[in-house]
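> fold the following for me, if possible:
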Amino acid sequence: MKPFNLTLSAAAIVTCLSTAAMAEPVITVTLIDKVGSGDTSVPDMGMGMGGDLAKAKMGINASPRQVRPGMVTFKVTNLASKIVHEVIVARLPDGMDKLPYDETAMMVKENSLQAFGSVNEIDPSRSAAITLSLKPGKYLLYCNLPGHYMAGMWTVVDVAP
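Okay, here's the model as predicted:
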């Protein structure tokens, strides 16, 4: 009777491990800002601008930064204490190192990118999630509320086989 129980237990473990291995990738995304109440200036921290993101007033952290293609879940948490943020997931065209930006509106020209989805208006200290089907390539995660992108609210995630 013991060999049967051992075999059954081993089969259960293998089933659990293979189910976990096949689970869709999850990227944990945190939205942060260090904006003081009196500071409204917007630095040039956009992609390809050469700014030092360590000095950025806002930011997006993603972990892991590389996942396999297929269904990918983005679990987003806004760690800001007072500011609403959003996350747009857009495919970066090959060779694009700087995004088209509307200086007047202080926003990325969204129609210049292929957006796959977004989590809009995440209140401070709140979380949200979105699951998207992604093919291999580089994807930009950014906040496009006025001034946020140039304040450093962007990062790149690599989807690779």
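> endpoint to endpoint, stretch 96-111 covers what distance?
14 Å (Cα to Cα, to the nearest Å).
> same thing with stretch 121-138?
End-to-end for stretch 121-138, by Cα to Cα: 24 Å.
> name the residues that touch it?
Contact with stretch 121-138 is made by 24, 31, 67, 69-87, 89, 91-92, 116-119, 156-161, as judged by Cβ atoms under 8 Å, 6 or more residues apart in numbering. Where you see a C-beta, it was placed from the backbone N, CA and C, and this is true even at glycine.
> make a ChimeraX selection of the buried ones in those residues.
Filtering the contacts of stretch 121-138 down to the buried ones (16 or more other Cβ atoms under 10 Å) takes a single ChimeraX command:
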select :31,67,72,74,76,77,78,80,83,84,85,86,87,89,91,92,116,118,119,157,159
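> which ones among the contacts of stretch 121-138 map onto strands?
Under the assignment DSSP state E, those contribute 31, 67, 70-78, 85-87, 89, 91, 116-119, 156-159 to strands.
> surely residue 118 meets residue 87?
Yes. In terms of Cβ atoms under 8 Å, residue 118 counts as a neighbour of residue 87; the distance is 6.3 Å.
> ok, now which ones touch residue 97?
47-48.
> quick thing: my sequence starts at 25, can you match it?
Yes, from this point I'll number from 25; that puts the last item at residue 121.
> for it, which three-state class applies?
coil (DSSP: H, G, I helix; E, B strand; the rest coil).
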